[in-house]
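1. give me coordinates for this.
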Amino acid sequence: MIPLLAATLILVYPLQSYAASGGRIGGGSFRSPSVPRGGSYGGGGYRGGYGGGGYRGYRGGGIGFPFILPIFGFGGGGLFGFLILMSIAGVIANSIRGGSSPSTGNSQRSLSETSTRPVTMVQLQIGLLASAKGLQKDLRELASSADTNTSIGLQRVLQETTLSLMRQPNLWAYANLETGQVPFNSAESTFNRLSLTERSKLKAEITSNFSGQLFSDKASGIQSGEAAKTNEYIAVTILVASKKAFALNESINGESLLESLRIIGSMTSTDLIALEVIWQPEGSGDVLSAEELVTAYPNLKHL
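-> Sure thing, here's the model as predicted:
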């Protein structure tokens with residue numbers, strides 16, 4: 001079934017070329033120490049429990065079986081839903097393979113405890129009118145000052161980004177919100193795939209602050225700054241991995257989007273596992289037209 005789904009996704013979402021450069025801020029850690037024999041918590045890294053075990057799949061507004069139907073157009077799941085599905089399928093396949101080989105009691109307990117601890121993935125995308133130039137400036141300044149090597153620093157990035165978006169609701173034009181939960185041991189690879197998918201939509205990353213490393217793509221010959229006067233839209237993607245499940249309303253309208261931004265922005269640093277904020281255009285003279293916006297972000301819905 002997985003090869004069939006992959007082939008279908010390629011047909012539905014063919015690769016496109018995108019014109020605008022962009023910026024990126026983020027970081028995080030999915031490290032998880034081994035479970036102590038005494039059952040207590042020790043060492044660094046994430047070991048928070050969720051209670052109840054199990055995990056829920058993609059929630060993109062689909063009906064029926066939650067992992068497959070959205071991909072075939074029943075709920076607008078798109079690539080986000082596909083990658084969530086792939087991560088869950090990989091865990092199931094590994095569990096089946098692991099069950100056929102001998103293992104010790106400790107390794108079985110570690111696999112069980114890790115695979116039943118879900119991580120919540122949230123992807124929020126907003127297309128704003130180009131007059132929201134202050135947002136680009138805010139993100140650029142945030143990239144130059146944020147400490148993306150700590151959870152507290154990342155929480156500040158998340159809070160400041162959501163605040164900047166909340167201050168300009170009259171400039172929101174399009175939006176899309178998708179959430180899903182994956183087992184902990186596949187969360188990092190899933191997050192990385194989602195991140196790479198969004199980063200591939202940029203012609204170049206002019207401004208970048210990721211995991212404490214500042215970077216500027218001078219080789220592209222594009223400098224960060226104001227977009228050209230002919231620019232029509234600004235696109236912002238917020239990708240979050242959290243220990244905590246969210247009760248987000250995925251219907252797209254101004255009121256629900258504002259409430260979702262409040263909930264996401266109020267996340268604590270202890271719940272935040274990883275964060276990525278990606279925006280375009282970022283280069284001086286860049287343009288993101290209406291056609292490029294809907295091509296790069298096909299799941300956006302008009303507000």
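
2. what about Leu124, distance to Ala228?
-> 26 Å (CB to CB, to the nearest Å). For glycine as for every other residue, the C-beta is placed from the backbone atoms N, C-alpha and C.

3. in the stretch 151-300 of the chain, where is pLDDT below threshold?
-> Scanning the stretch 151-300 of the chain for pLDDT under 70 picks out the ranges 217-222.

4. those strands in the stretch 151-300 of the chain, which residues are they?
-> Using DSSP state E, counting those that start in this stretch, the strands assigned to the stretch 151-300 of the chain run over residues 172-183, 205-210, 213-216, 233-242, 272-280.

5. before we move on, the earlier item: and Leu124 and Ala228? which has more neighbours close in?
-> Leu124 (24 against 13; other CB atoms under 10 Å).

6. beta partners of the more buried one?
-> Leu177, Ile238 (DSSP bridges).

7. same check on the one 4 residues further on?
-> Partner residues in beta bridges with Leu128, using DSSP bridges, are Trp172, Ile234.

8. pretty sure it contacts Leu171?
-> Yes. Counting by CB atoms under 8 Å, Leu128 does reach Leu171; the two are 4.8 Å apart.

9. between those two, tell me which one has more neighbours.
-> Leu128 (23 against 19).

10. how near is the more buried one to Leu293?
-> 10 Å.

11. which residues do the two both contact?
-> Tyr233, Ala235 (CB atoms under 8 Å, 6 or more residues apart in numbering).

12. nearest to Ile252, of the strands of the stretch 151-300 of the chain?
-> Nearest to Ile252 among the strands of the stretch 151-300 of the chain is strand 172-183 (5.2 Å), distances taken as CB to CB.

13. elements contacting the closest one?
-> Other elements packing on strand 172-183 under the criterion 3 or more CB pairs under 8 Å, 6 or more residues apart in numbering; DSSP states H and E are helix 78-99, strand 118-129, helix 254-265, strand 301-302.

14. what's the second one packed up against?
-> Counting contacts by 3+ CB pairs under 8 Å, 6+ apart, the secondary-structure elements packed against strand 118-129 are helix 78-99, strand 172-183, helix 184-199, strand 233-242, helix 254-265.

15. angle of the third one against strand 205-210?
-> Okay, so that is helix 184-199. Using axes from the mean of the first three to the mean of the last three CA atoms, to 10 degrees, the inter-axis angle of helix 184-199 relative to strand 205-210 is 160 degrees.

16. I'd say Trp279 and Gln136 touch.
-> Yes. Under the criterion of CB under 8 Å, Trp279 makes contact with Gln136 at 6.9 Å.

17. joint contacts of these two?
-> Both Trp279 and Gln136 are in contact with Gly23, Ile234, where contact means CB under 8 Å, 6+ apart.

18. comparing the helices and strands packed on strand 172-183 by mean pLDDT, which bottoms out?
-> Of all the helices and strands packed on strand 172-183, mean pLDDT reaches its minimum on helix 78-99 (a mean of 57).

19. gap between the residue nearest to Gln280 when sequence neighbours are not counted and Ile234?
-> Among residues not flanking Gln280 along the chain, Gly22 sits closest, at 3.4 Å (CB to CB, 6 or more residues apart in numbering). Separation of Gly22 from Ile234 (CB to CB): 10 Å.

20. anything in contact with each of those two?
-> Trp279, Gln280, Pro281.

21. which of these lies closest to Glu250?
-> For the shared contacts of Gly22 and Ile234, with Glu250 as the reference and CB to CB as the criterion, the closest is Trp279, at 21.6 Å.

22. separation between the closest residue to Leu293 other than its chain neighbours and Gln136?
-> For Leu293, ignoring the flanking residues on the chain, the nearest one in space by CB to CB, 6+ apart is Tyr233 at 4.7 Å. According to CB to CB, Tyr233 and Gln136 sit 12 Å apart.
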